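Enquirer: quick one, what's the 3D model for this:
(one chain, ligands or ions: 1)
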Amino acid sequence: MSALIQVRGISKQYGEGENVFSALKDLNCSIRKGEFVIVMGRSGSGKSTFLHILGGLEPVSSGEIWIEGKEMKKIDEEPHVTEYRRKTIGFIFQFFNLISSLTALENVAVPLIIAGEKEKRATQRSEDMLRCVGLYDKRDKLPSELSGGQQQRVAIARALVHGAPIVLADEPTGNLDSKTSTEVMELLDDLRVRLSQTIVLVTHDPVVATYGDRVLFFQDGQIVYEMQNDQNGDRRKRAFKIMDKLHDLTEGTLL
Ligand SMILES: Nc1ncnc2c1ncn2[C@@H]1O[C@H](COP(=O)(O)OP(=O)(O)OP(=O)(O)O)[C@@H](O)[C@H]1O
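Expert: As a prediction, the model looks like this:
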């Protein structure tokens, strides 16, 4: 697998003068095409900032990011950044962020319609995607008529419908119970393999983290440890190993 995302010495500062705060500090990493990368760390360690920067929602203060061999600085300006977000990135959030007045099908179709796809084709692709997440029969329901897990599956369908090579997920199971969380993770992992996507996922949950190929542990805006997950090993053992490491790094003050 070749490097899809290259992060070279990036830093991110918020504020100015005396109030300047460094959310990311000289951070380096490389993510391969098709990899499933988990980002963990205590609250405020810079996980969401990292995801937002990768997604083109925030610029870096210094350093370089290369995506598919292109330097992001060149992407960072309009109109390229909007196009980058539309074509290259699929976002999944903790609170689903579905549009409450639109049906499941219409929500999934939104990125395609915005990208200028004809309505008939957009509907067809969205129906196919809803089939993939097992919700075709709920296509005409509003978000309020769906369970939390179903809403997140609609959000996953929306994130993947335009075939983005990179999926960025910020605590996608943070609002779900453990059984639904497992279902959502199984689905995401299955789709990732079927659609050849690369996922970077932020979570506080060690069980969710077991789905990744690799776990990056953040502390004070830096990656302080990396763990390869043995996908053939026992999931419970993997979760304990991750939990132990988190405990070591945060002295039990993570959550
Ligand atoms: N727009 C902003 N202006 C100022 N400071 C910010 C801004 N966004 C984030 N920060 C600060 O940067 C640091 C990193 O924030 P970030 O949201 O990336 O952390 P996180 O690891 O995702 O935390 P959590 O697990 O609580 O979501 C925090 O101390 C936060 O207060």
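Enquirer: what's the offset of stretch 151-169 from the middle of its chain?
Expert: 9 Å (CA atoms, centre = their mean, to the nearest Å).
Enquirer: may I have the distance across it, first residue to last?
Expert: 15 Å (CA to CA, to the nearest Å).
Enquirer: quick one: the nearest residue to V20 once chain neighbours are set aside from S30, how far?
Expert: Nearest residue to V20 in three dimensions, chain neighbours excluded: Q13, at 5.3 Å (CB to CB, 6 or more residues apart in numbering). Where you see a C-beta, it was placed from the backbone N, CA and C, and this is true even at glycine. Q13 is 23 Å from S30, where distance means CB to CB, to the nearest Å.
Enquirer: wait, is K12 part of a helix?
Expert: No: counting by DSSP: H, G, I helix; E, B strand; the rest coil, K12 falls outside a helix, being strand.
Enquirer: hmm, it is touching L57, no?
Expert: No: using CB atoms under 8 Å, K12 is not in contact with L57, being 11.7 Å away.
Enquirer: so between those two, which is more surrounded?
Expert: A direct count of neighbours by other CB atoms under 10 Å for K12 and L57 places K12 higher, at 22 against 15.
Enquirer: need the contact list for the more buried one.
Expert: By CB atoms under 8 Å, 6 or more residues apart in numbering, the contact list for K12 reads S22, A23, L24, G46, T49, I53, E58, V60, S61, G221.
Enquirer: ok, now which ones touch the closest residue in space to the fourth one that isn't next to it in sequence?
Expert: Read that as G46. For G46, ignoring the flanking residues on the chain, the nearest one in space by CB to CB, 6+ apart is G221 at 4.2 Å. Each residue near G221 by CB under 8 Å, 6+ apart is listed here: S11, K12, S22, A23, L24, K25, L27, S45, G46, T49.
Enquirer: hang on, M227 in a strand?
Expert: Yes: with three-state DSSP as the criterion, M227 is part of a strand.
Enquirer: my read is that it contacts T210, right?
Expert: No: M227 is not in contact with T210 according to CB under 8 Å; the separation is 10.5 Å.
Enquirer: overlap in contacts, those two.
Expert: I242.
Enquirer: and these two? Which one has more around it.
Expert: Taking neighbours as other CB under 10 Å, M227 and T210 compare with T210 leading, 23 against 17.
Enquirer: distance of the nearest residue to the more buried one once chain neighbours are set aside from L54?
Expert: Of all residues not flanking T210 in the chain, R238 sits nearest, at 4.3 Å (CB to CB, 6+ apart). Distance, R238 to L54, by CB to CB: 25 Å.
Enquirer: and what of A115?
Expert: Taking CB to CB, one finds A115 at 20 Å from L54.
Enquirer: before we move on, back to that, for the residue nearest to T210, what are phi and psi?
Expert: Main-chain torsions, R238, degrees, to the nearest 10: phi -60, psi -40.
Enquirer: and the strands in the protein, which stretches?
Expert: Per DSSP state E, the chain carries strands over the ranges 3-14, 21-32, 36-41, 62-67, 70-71, 89-92, 166-170, 198-202, 214-219, 222-228.
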